[in-house]
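Enquirer: Generate a structure from the sequence data that follows.
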Amino acid sequence: MRVLIDGGYRSLAQGTGISTYARSLEAGLSALGHDVYWLSGAHVSGAPDPLSDAVHLADDRPTARGLRANLETAVNMGAGVLKATALARPLKRTGAVLARPHDLPQRLTFLSPDLFVHAHYRHMLLRQFTEVKLPEPIDVLHLTAPLPIRMQGVRTVVTLHDLVPIRLPYTTSDNKREFIDRVRTSTRYADLIITVSEASKRDIIELLDVPEDRIFVTWQASDIEPLNADERSALPRSLSRFGLTPDGYGLFVGAIEPKKNVRRLIDAFLEAHESMPLVLAGPKAWKWDNEIGDLDKRIGPDARQRVRLLGHVPHEDLRRLYAGARALIFPSLHEGFGLPALEAMRMGCPVLASQSGGLAQVCGSAALAVDPQDMTNLIAGIARILSDDGLRSDLVSAGHAQALCFTSEVYIKRLQEAYAHLT
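Expert: Numbers count the residues shown, from 1 in each chain. A predicted model of the protein is given here:
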């Protein structure tokens with residue numbers, strides 16, 4: 001089949017679980033013999049003809065502030081209200097100048113400038129989806145998240161990763177009424193709903209009243225690869241750039257936001273160990289300042305030296321951080337899947353995790369389970385995993401075995417079974 005995947009998350013500069021999912025989806029569908037295309041909603045500037053060879057895609061243009069930001073919002077709102085239909089045309093790539101050359105895959109990309117921004121405002125203001133039209137036939141539109149777009153006469157697959165904005169409304173910035181309306185409409189339009197864990201499937205059934213036979217769980221694959229012998233021998237030198245030594249730090253991977261429970265993590269880690277540093281690898285996200293506060297004032301300058309905020313970490317550096325960590329500490333309040341836990345297990349890093357939501361299925365018995373909201377339990381768990389060599393060895397062995405449940409081969413097989421429901 002000819003499958004069109006939205007590119008709204010795939011090319012995010014700092015990566016997310018959904019961007020990893022989009023890449024895995026492309027690889028999986030291609031392995032199954034489908035023709036994969038991308039739908040880009042990139043902002044276009046610097047060329048009178050947005051589809052010419054000189055197109056400049058500026059997904060990462062500077063964030064507007066003040067009056068300019070208000071003006072841009074007003075323009076986008078107006079465009080969303082006025083544009084019930086968006087035409088996407090093939091992007092000519094020869095000689096193109098891209099903001100980041102890796103943003104767009106080599107496969108044919110259809111471009112509708114600012115599509116996802118305009119569609120967002122159309123749904124927010126009118127509760128209507130934007131219809132997308134292409135000059136070429138497409139069999140399936142696969143949305144990697146419940147985006148408010150649709151295509152007439154095309155079968156639609158929607159991946160709904162989780163319902164955290166409903167389960168834990170205080171942890172996300174979504175307009176909750178808009179989000180609920182959007183996911184309800186998305187699931188109603190969809191010919192097939194895919195999700196990434198049995199926990200998320202239960203939430204979709206219970207909270208959205210969707211029949212079970214319309215939902216298929218494919219899990220999620222990871223594209224992270226363990227270090228080879230040369231990379232492992234060079235690990236001390238690689239980590240020295242961050243001021244770290246192998247087996248000498250605790251690691252958290254993820255955005256700093258309320259649902260990740262980072263504030264409790266920092267406090268519990270500092271209480272559990274008197275000297276080891278805690279490395280936080282991930283961007284500052286919604287309400288990050290409320291989540292961790294002014295660390296110098298809140299925990300003091302000495303303790304502050306032990307908390308390393310690295311921000312977004314490139315993929316290759318992340319591999320080395322996993323490989324060198326004493327443990328991944330991941331007490332998230334809720335996850336649809338929990339990709340960092342799977343990545344850590346693949347990399348041979350022992351895992352401590354809250355086993356709720358998707359994490360319970362991703363980790364199985366291969367992680368040290370904690371109650372993420374019980375500080376006493378969290379402190380004890382962190383102290384144990386950092387100090388117990390035998391436990392870490394057992395968790396590494398169990399993690400390798402558990403990770404085999406989520407290989408690319410397993411994912412492709414489940415994706416094939418899901419897509420069989422479309423024929």
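
Enquirer: dump the residue contacts of D35.
Expert: 1-3 (CB atoms under 8 Å, 6 or more residues apart in numbering). From N, CA and C alone the C-beta is placed, and that goes for glycine too.

Enquirer: which of those are buried?
Expert: V3 (16 or more other CB atoms under 10 Å).

Enquirer: If we go by neighbour counts, what in stretch 413-423 is buried?
Expert: Buried residues in stretch 413-423, counting neighbours by 16+ other CB under 10 Å, are found at 414-416, 418-419.

Enquirer: swap that for stretch 402-411, please
Expert: Residues 402-403, 406, 411 are the ones in stretch 402-411 that count as buried (16+ other CB under 10 Å).

Enquirer: Looking at those, which one is closest to L39?
Expert: Y411 (22.0 Å; CB to CB).

Enquirer: Skipping its backbone neighbours, what lies nearest that closest one in space?
Expert: By the measure of CB to CB, 6 or more residues apart in numbering, the closest residue to Y411 outside its immediate chain neighbours is A221, 3.8 Å from it.

Enquirer: Confirm that the one you found lies within a helix, as I assumed.
Expert: No: counting by DSSP: H, G, I helix; E, B strand; the rest coil, A221 is not part of a helix but coil.

Enquirer: Torsion angles phi and psi at it?
Expert: For A221, the backbone dihedrals are phi -90, psi 160 (criterion: degrees, to the nearest 10).

Enquirer: how about a markdown table for the buried residues of stretch 402-411, with pLDDT and distance to G250 added?
Expert: Shown next, in a markdown table, are those (pLDDT from 0 to 100; distance: CB to CB, whole Å):
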| residue | pLDDT | distance to G250 |
| --- | --- | --- |
| Q402 | 97 | 20 |
| A403 | 97 | 20 |
| F406 | 95 | 24 |
| Y411 | 96 | 29 |
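
Enquirer: where in this structure is pLDDT low?
Expert: Along the chain, the model assigns pLDDT under 70 to residues 8-16, 45-65, 92-107.

Enquirer: Longest helix of it, counting residues only.
Expert: helix 66-82 (DSSP state H).

Enquirer: Remind me what it packs against, helices and strands.
Expert: Applying 3 or more CB pairs under 8 Å, 6 or more residues apart in numbering; DSSP states H and E, one finds that helix 66-82 contacts helix 115-126.

Enquirer: Who are the packing partners of the helix it packs on?
Expert: Short answer (3+ CB pairs under 8 Å, 6+ apart): helix 115-126 packs on helix 66-82, strand 85-87, strand 130-133, strand 149-150, helix 176-189.

Enquirer: possible to save these as TSV with mean neighbour count and distance to A285?
Expert: Putting the helices and strands packed on helix 115-126 into TSV (neighbours: other CB atoms under 10 Å; distance: least, CB to CB, whole Å) gives the following:
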stretch	mean neighbour count	distance to A285
helix 66-82	13	19
strand 85-87	15	28
strand 130-133	18	26
strand 149-150	22	24
helix 176-189	16	17
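
Enquirer: I'd like those written out as CSV, with distance to V362 added.
Expert: Listed next are the helices and strands packed on helix 115-126 as CSV, based on distance: least, CB to CB, whole Å:
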stretch, distance to V362
helix 66-82, 37
strand 85-87, 36
strand 130-133, 33
strand 149-150, 30
helix 176-189, 22
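
Enquirer: measure the residue lying closest to I299 once chain neighbours are set aside to M375 for me?
Expert: Leaving out its chain neighbours, the residue that sits closest to I299 by CB to CB, 6+ apart is L270, at 6.4 Å. Computed as CB to CB, to the nearest Å, the L270 to M375 distance reads 12 Å.

Enquirer: G348 now?
Expert: With distances taken as CB to CB, G348 is found 29 Å from M375.

Enquirer: The two - which one has more neighbours?
Expert: When neighbours are counted by other CB atoms under 10 Å, G348 and M375 differ, and G348 comes out ahead with 18 against 13.

Enquirer: Make sure I have this right: the more buried one is in a strand.
Expert: No: judged by three-state DSSP, G348 forms no part of a strand; its state is coil.

Enquirer: ok, now which ones touch it?
Expert: If you count contacts by CB under 8 Å, 6+ apart, G348 has them with 226, 322-323, 396, 399-400.

Enquirer: and of these, the nearest to P258?
Expert: Y322 (24.2 Å).

Enquirer: Report the secondary structure state of the closest one.
Expert: Applying three-state DSSP to Y322 yields a three-state assignment of helix.

Enquirer: excluding its backbone neighbours, what's nearest it?
Expert: In space, and not counting its chain neighbours, Y322 is closest to M347: 3.8 Å by CB to CB, 6+ apart.

Enquirer: from what I can see the one you found touches E231, true?
Expert: No: applying CB atoms under 8 Å as the test, M347 and E231 come out as separate, 11.1 Å apart.

Enquirer: Just want to know which of the two has more residues nearby.
Expert: Using other CB under 10 Å as the criterion, M347 and E231 rank with M347 on top: 25 against 15.
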